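Asker: For reference, the sequence and a predicted model appear below.
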Amino acid sequence: MGRKKVMFFCLGNICRSPVAEGVFLHHIEQRGLGHTFHVESSGTSAYHVGEAPDPGSREVVARRLGADISGQRAQQLTRRHLDEFDVLVAMDGNNRRDALAMRPNAKILLLRDFDPADRGADVPDPWGGGISEFERVFDIVNRSTLHLIEWLLQPEEDR
Ligand code: 4NP
């Protein structure tokens, strides 16, 4: 079996989903499982295609996790991604709705479906906000992603 393909997406692919990509990669690499997943992130919009993650996202991931996400470049979510990725994870309900408009039968998860503190909530958009908003996004994304990883590592019939 090939590597499981995981796509995190938000609106711009410069604030929230780059954090999710970096956090997911960090935790699976820590478990020695980096080779079992192919991880990307994207945005439902083309507003920031080609740009590096927002400085707030880069700063919190560096400080809280010691990981560097500055090499990421924003891309737009495509129908092909929706067909080819095994696990599609939206940051909020609008992102999910926009993806379903592209592929009505796609199976789209919300990251916070895996957040025991507020199941199914949106990851708040920190764009244009201060560093405390990026810290809050980091906490939510980190907690939810750890639970997502546990879920992905369970045998599919047990989920
Ligand atoms: P993101 O944040 O979806 O978490 O990357 C945003 C980035 C840019 C915009 C909106 C949200 N924007 O409207 O340009």
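Answerer: Sure thing, it's come through.
Asker: now what about stretch 109-127, what contacts it?
Answerer: Contacts with stretch 109-127, where a contact means CB atoms under 8 Å, 6 or more residues apart in numbering, come from 8, 10-12, 14-16, 20, 54, 56-57, 87-94, 96, 133-134, 136-137, 140-141, 143-145, 147-148, 151. In this view, the C-beta of every residue, glycine as well, is placed from N, C-alpha and C.
Asker: hmm, the longest helix seen in the chain in reach of the ligand?
Answerer: Ordering each helix of the chain by length in residues (DSSP state H) puts helix 131-153 first. No - against the ligand, helix 131-153 shows no contacts by CB under 6 Å from any ligand atom, the least distance being 7.8 Å.
Asker: and the residue of the chain found nearest the ligand, what does it touch?
Answerer: Of all residues in the chain, the one sitting closest to the ligand is Gly12 (2.7 Å; CB to the nearest ligand atom). Going by CB under 8 Å, 6+ apart, Gly12 touches 43, 45, 47-48, 74, 127.
Asker: on that earlier part again, please indicate which of the contacts of stretch 109-127 are buried?
Answerer: 8, 10-12, 14-16, 20, 54, 56-57, 87-92, 96, 133-134, 137, 140-141, 143-145, 147-148 (16 or more other CB atoms under 10 Å).
Asker: Which secondary structure state is assigned to the residue of the chain closest to the ligand?
Answerer: Under DSSP: H, G, I helix; E, B strand; the rest coil, Gly12 falls in the coil class.
Asker: Next, find the distance separating it from Glu29.
Answerer: 25 Å (CB to CB, to the nearest Å).
Asker: okay, the contacts of Gly12 in CSV with distance to the ligand, pLDDT and neighbour count next?
Answerer: What follows is these, written out as CSV (distance: CB to the nearest ligand atom, whole Å; pLDDT from 0 to 100; neighbours: other CB atoms under 10 Å):
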residue, distance to the ligand, pLDDT, neighbour count
Gly43, 6, 99, 26
Ser45, 7, 98, 16
Tyr47, 4, 98, 14
His48, 6, 98, 20
Ala74, 8, 99, 24
Trp127, 4, 97, 18
